[in-house]
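**Q** using only what follows, build the 3D model:
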Amino acid sequence: MQPNIFSATKKQVTKLTDKARAALEDKLDSVSSKKRRNDEHTHTKKSHVDVGSVGRHPNKETPDQETTTHKRRRVEIEEVEDDEEDDLQHQACQLSSDSDVILIEDNDGRSMGHAAMRSTATQSMERAAKTGTRTTVESIKALTPKEELEKMLKDCNSPIYAFFEPTPTIEDVGGRRSHVFKCCARGCKATVRRYLDTTDARSTGNMRKHAKKCWGDEVLKAADSVKSATEVRENIVGSILRTGSITRAFERKGQGKVTYSHRQHTRVETK
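**A** Residues are numbered from 1 along each chain as shown. Next up is the predicted model:
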C-alpha cells in the first residue's frame, strides 16, 4: 500500500497555517498597541507644539486654537453658572439664618433653590403671623379681670357712660366674662351687660337705647353736645339728680337760650 503523500502534506500545511495564524495575531496585537502608543505620543507632542505656536503667533488661528477657544468659553460659562449657584446658596443661607427656616436641597440646586426659598419664606411669614395672633390673644387672656376693667375705663370717653355708674361690675356667666353697667337714675334698676369675648365688646348701642328711654331724648341730645363723659356726669346728670331739672345745668353753664317743651315728662323729671 502506497502512502498518501498529498494527504500528509495537506495535514502539515494545515498545522502550519494555525501556528502562523496565531503568530500573526500576536504580531498584529503588538503592532496595534505600539501604534496606539506612538499616536498618543505624537498627539501629545503636537499639542505642545500648537500651544507654543499660539503663543508665538497670536494673530494666526489654527483649528486646535479654535477648539481651545471654544473649550475656554464653555469653561467660562460654567464658571458663571457656578457663581450664580453660589449666590443662590448664599441667599438661601441668609434666608435660613434670618427666618429660622430649614431649606431642602436637591440635585438640581437652582430650581429647588428658588422653590425652597419661596416656600420657606411663605411658611415663615405664615408662622410669624400665627405666632403674633396667638401672642396677642394670650396677652389679653393673661390680664386679670381688674386690669382688664381698668384698661377699658381708660377708653370710656363717650358721653353715654355718664348715665351709668362710673365703675361697672365684673360677672362671669357660663365661663364668659362680662361687664355690667347699672343705670344711675333714681329708682332705675336696669343694667346693660357686655360680654368681653365678642367683636362688639365696646359697643354702646344698648346703653344708648336705655339712656334715651330712661333719661329722655332731650337729655341725651344735651349730653351729645358736650362730648365728654366727665362733664356730662358732673353738670347734666348731676344737676338732674340734685334738682330734678335739666334747665339748671344749662343756666349755670350759660349755653344758649333755654327752651321749653309741652311733651310729657319722663319718670326722672317727675321725681
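**Q** and stretch 240-257, average pLDDT?
**A** For stretch 240-257, mean pLDDT is 59.
**Q** er, stretch 193-201 actually
**A** For stretch 193-201, the per-residue pLDDT averages 89.
**Q** what does it contact?
**A** Defining contact as CB atoms under 8 Å, 6 or more residues apart in numbering, one finds that stretch 193-201 is touched by 148, 171, 173, 176, 177, 178, 179, 180, 181, 202, 203, 206. For the C-beta atoms, the positions are set from N, CA and C on the backbone; glycine is no exception.
**Q** excluding sequence neighbours, find me the nearest residue to residue 152.
**A** residue 179 (6.9 Å; CB to CB, 6 or more residues apart in numbering).
**Q** how many neighbours does that neighbour have?
**A** 20 (other CB atoms under 10 Å).
**Q** one more: residue 39?
**A** Every residue meeting other CB under 10 Å relative to residue 39 is counted, giving 10.
**Q** which helix or which strand is home to it?
**A** helix 5-56 (DSSP states H and E).
**Q** what's the pLDDT at residue 231?
**A** So residue 231 comes in at 85 (pLDDT).
**Q** burial of it, as a residue count?
**A** Counted with other CB under 10 Å, residue 231 comes out at 15.
**Q** distance of it relative to residue 237?
**A** 10 Å (CB to CB, to the nearest Å).
**Q** and what of residue 212?
**A** 14 Å.
**Q** one more: residue 214?
**A** For residue 214, the distance to residue 237 - CB to CB - is 11 Å.
**Q** would you map the strands across the stretch 151-271 of the chain?
**A** Using DSSP state E, counting those that start in this stretch, the strands assigned to the stretch 151-271 of the chain run over residues 169-173, 176-182, 191-195.
**Q** can you put the ones you listed in CSV and add distance to residue 157?
**A** Compiled in CSV, the strands of the stretch 151-271 of the chain are given as follows (distance: least, CB to CB, whole Å):
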stretch, distance to residue 157
strand 169-173, 21
strand 176-182, 15
strand 191-195, 16
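**Q** quick check: which of those strands is nearest to residue 36?
**A** Across these, residue 36 has its closest neighbour in strand 176-182 (93.9 Å, CB to CB).
**Q** would you mark the buried spots in that closest one?
**A** 178, 179, 181 (16 or more other CB atoms under 10 Å).
**Q** model confidence for the last one, exactly?
**A** Model confidence at residue 181, expressed as pLDDT, equals 94.
**Q** residues in contact with it?
**A** Residue 181 touches 161, 164, 165, 168, 191, 192, 193, 194, 207, counting by CB under 8 Å, 6+ apart.
**Q** sorry, back to before: who's more crowded, residue 212 and residue 237?
**A** residue 237 (25 against 17).
**Q** from residue 154, how far off is the more buried one?
**A** Taking CB to CB, one finds residue 237 at 21 Å from residue 154.
**Q** ditto for residue 165
**A** The value you get for residue 165 to residue 154, if CB to CB is used, is 17 Å.
**Q** who's more crowded, those two?
**A** residue 165 (13 against 7).
**Q** all the helices of the stretch 151-271 of the chain, residue numbers only.
**A** Ranges of helices within the stretch 151-271 of the chain are 205-215, 217-224, 229-231, 238-243, 247-253, 267-270, based on DSSP state H, counting those that start in this stretch.
**Q** contacting residues for the closest residue to residue 157 other than its chain neighbours?
**A** Computed as CB to CB, 6+ apart, the closest residue to residue 157 that is not its neighbour in sequence is residue 229, at 5.9 Å. Taking CB under 8 Å, 6+ apart, we find residue 229 in contact with 156, 157, 158, 159, 160, 161, 162.
**Q** any of the residues you listed buried? List them.
**A** Buried, going by 16+ other CB under 10 Å: 156, 158, 159, 160, 161, 162, out of the contacts of residue 229.
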